[in-house]
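Visitor: Next come a sequence and a model predicted from it.
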Amino acid sequence: MLLSSACTFALAQDPPVRVGRISTVEGQVLVRAGNGEAQNALLNWPVTTDNRLSTMRGALAELRVGAAAVRLDGDSELEVSELDDDSFKLHLSYGTVSVRVRNPDALRGFELTTAQARVILTQPGWVRIEAGRQPGTSIVSVLDGAADVDGATGSVTLRAGKRAELTDEELRTGALQRIAFDNWPEALPAAVPALRYVTDDTTGYEELDRYGAWQDDAQYGPLWLPSAVPAGWAPYSDGRWTWIAPWGWTWVDNAPWGYAPSHYGRWVLLGQRWGWAPGRERGRVPWAPALVGWVGGNHGTNHDQRPGVGWFPLSPHERYVPGYRASADYERRINRVAEGRRSVAGERERREGMTMLPGERFGGSRTVDVPRRNRTSMPPPVMQSFPLSTAPAPAGNWQRPVDAPRGDNGVRRDWVNRPSRLQTDDGQTHLAPRPVQPNRPPVPAQPQQPPMPAQPLMPAVPALPPVQDQMGRPGWRGEERPRAERPQPRPVSERSGPPRERSNDRGNERGNPGRNGRIQEAER
């Protein structure tokens, strides 16, 4: 009993091992963590528990978690209420969202709720959920696969080609009716060579084949080599650092393919070319904020006078030591790619690919841009003189979430209406311009659907630079559709069953930047 309790406590300290990725941003899209300030959503932005995505009219966004793709139409708000090793739960406050799941293993723990419905996929497939487009109504449509739908008045199993309309008073079923949003093309090809080397739990894997090639190496195993990078490029040199609890400083890469190689595996320099090594062992590996070593810096309180801060990608011969609270089992799993390797003489002192910025850049902002120009460069002997360090500490308490009302008295309950808008504290939406993806022909809006007759139930941050255009991604933009007037929130009857409790640890900032990036030699 004591051993079981100790193991449970250790696992409770670990951060989530799965973190989502914003894989498409078109138009005005905001992301908010908890009760913090809203900021512009960027390509490759990490998404975790208690994050909310909000799209303005005419905008589009896509969130990917492993083999699951979640797409938001314009004028929609989606909350990630829980995302960890065993569960993926979403709440659609209003708007339209589609969910595609390819792998049966990804169905475990997945559910999506609205004010009127709960949707659980029972087969890999494709579903579309609409909330609030018609007052007090949620519509669930199954385009492929099957789903169980629960409402206030009953439950129904929907298969491909069927839909259900749910209100607080009734549940009606009928035939599927397609809308323009369904015409957003699927970007993932049928054959994905990357899946021979990584599992589909590796979020971002779908971009690798489009932007690089694979080769086998006798020492490191499979290597992925990016096909179009500028001369002198190094990993973790084109993007930005942002503070995300509970991990601390987290890397957001600018390249469309940059998510998976930034948060899993290690990097290897072969001659003058970098290759990403995911490791030989297959299986789910915990997500990391950035697999780098840190040098320089001054971790006192005077941020204006501390020296330069640098970082470099870890190799497969170097172990990553989290700078956040984590169990020994978590550290073993996140270093699976480094286990069984012999350390190479001088490997720790090579530090290829080092990038440096003035120390004060980390002193007063939660997002630090790493510009392509004006980065500090220096000869190798000077780089070796910098002592190994830990990640820079943030200044002040800017990372603490703003004490803003949640709109539900601070208690997360299913079946309760959510705040209808996502805005910054001054009531304005601060947005950076977004590039419109080309070759996306307009699709005519669908006419308003007539109501279905009742049928018997079936058996029971500071402004950031615009993101890069996503090269090679097919484009599409649909016509805007009229939006029904959103009703005022009103209480809804509670569902039966015990209430779900949320872990207090995951909602708080745990630990501190601590030892992030320290290096240890791999076990022999």
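Guide: The structure has been received and is ready for your questions. Numbering: from 1, shown residues only.
Visitor: Contact partners for Gln116?
Guide: Taking Cβ atoms under 8 Å, 6 or more residues apart in numbering, we find Gln116 in contact with Ala131, Gly136, Thr137, Ser138, Gly151, Ala152, Leu166, Thr167, Asp168, Trp415, Val492. All C-beta spots, glycine's among them, are computed from the backbone N, C-alpha and C.
Visitor: Tell me where the stretch 251-400 of the chain is predicted with low confidence.
Guide: Along the stretch 251-400 of the chain, segments meeting pLDDT under 70 span 298-307, 338-350, 373-386, 395-400.
Visitor: brain fart, the stretch 101-250 of the chain
Guide: 187-190.
Visitor: The contacts of Gln116, buried ones only, as a ChimeraX selection?
Guide: Command for ChimeraX that selects the buried part of the contacts of Gln116, burial taken from 16 or more other Cβ atoms under 10 Å:
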select :131,136,137,138,151,152,166,167,415,492
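Visitor: which secondary structure elements does the helix or strand harbouring Tyr94 contact?
Guide: Element membership for Tyr94, per DSSP states H and E: strand 88-101. Packing partners of strand 88-101 (3 or more Cβ pairs under 8 Å, 6 or more residues apart in numbering; DSSP states H and E): strand 68-72, strand 76-83, strand 110-113, strand 125-131.
Visitor: which other helices and strands contact the longest one?
Guide: In this structure, strand 76-83 packs against strand 51-55, strand 60-65, strand 88-101, with contacts taken as 3+ Cβ pairs under 8 Å, 6+ apart.
Visitor: What does Glu331 show for phi and psi?
Guide: phi -60, psi -40 (degrees, to the nearest 10).
Visitor: hmm, back to that, let me know which of the helices and strands packed on strand 88-101 is the nearest to Arg210.
Guide: Checking the helices and strands packed on strand 88-101 against Arg210 by Cβ to Cβ gives strand 68-72 as the closest, at 15.5 Å.
Visitor: tell me the helices in the stretch 201-350 of the chain, going along the chain?
Guide: Taking DSSP state H, counting those that start in this stretch as the test, the helices found in the stretch 201-350 of the chain are 208-211, 259-263, 328-334, 347-350.
Visitor: For Asp201, see how far away the residue lying closest to Tyr320 once chain neighbours are set aside is.
Guide: Computed as Cβ to Cβ, 6 or more residues apart in numbering, the closest residue to Tyr320 that is not its neighbour in sequence is Leu291, at 5.3 Å. Per Cβ to Cβ, to the nearest Å, Leu291 is found 17 Å from Asp201.
Visitor: Between those two, tell me which one has more neighbours.
Guide: Leu291 (25 against 21; other Cβ atoms under 10 Å).
Visitor: correct me, but the more buried one touches Pro316?
Guide: No. With contact taken as Cβ atoms under 8 Å, Leu291 and Pro316 are classed as non-touching, separated by 10.3 Å.
Visitor: Mind listing the shared neighbours of the two?
Guide: Common neighbours of Leu291 and Pro316 (Cβ under 8 Å, 6+ apart) are Arg266.
Visitor: mind listing what Trp311 touches?
Guide: Counting by Cβ under 8 Å, 6+ apart, the residues that Trp311 touches are Tyr236, Ala290, Val292, Gly293, Trp294, Val295, Met354, Thr355, Gly517.
Visitor: Relative to Ala393, how far out is it?
Guide: 15 Å.
Visitor: quick one: buried residues of stretch 134-152?
Guide: For stretch 134-152, the neighbour count (16+ other Cβ under 10 Å) marks 134, 136-143, 145-152 as buried.
Visitor: I meant stretch 42-58, not that one.
Guide: 42-55.
Visitor: where's the dip in pLDDT among the residues you listed?
Guide: Least confident entry in the buried residues of stretch 42-58, by pLDDT: Leu42, with 93.
Visitor: quick one, phi/psi of that one?
Guide: Dihedral angles for Leu42 - degrees, to the nearest 10 - are phi -120, psi 160.
Visitor: My guess is it contacts Pro256. True?
Guide: No. Contact criterion Cβ under 8 Å: Leu42 and Pro256 do not qualify, at 11.8 Å.
Visitor: hmm, back to that, looking at the helices and strands packed on strand 88-101, which is closest to Arg196?
Guide: strand 68-72 (20.6 Å).
Visitor: Name the secondary structure element that contains the residue lying closest to Arg64 once chain neighbours are set aside.
Guide: Distances taken as Cβ to Cβ, 6+ apart place Ser23 nearest to Arg64, at 4.6 Å, with adjacent residues excluded. Per DSSP H and E, Ser23 falls inside strand 20-26.
Visitor: Now do that strand against strand 60-65, angle only.
Guide: Strand 20-26 and strand 60-65 meet at an angle of 160 degrees, taking axes from the mean of the first three to the mean of the last three Cα atoms, to 10 degrees as the criterion.
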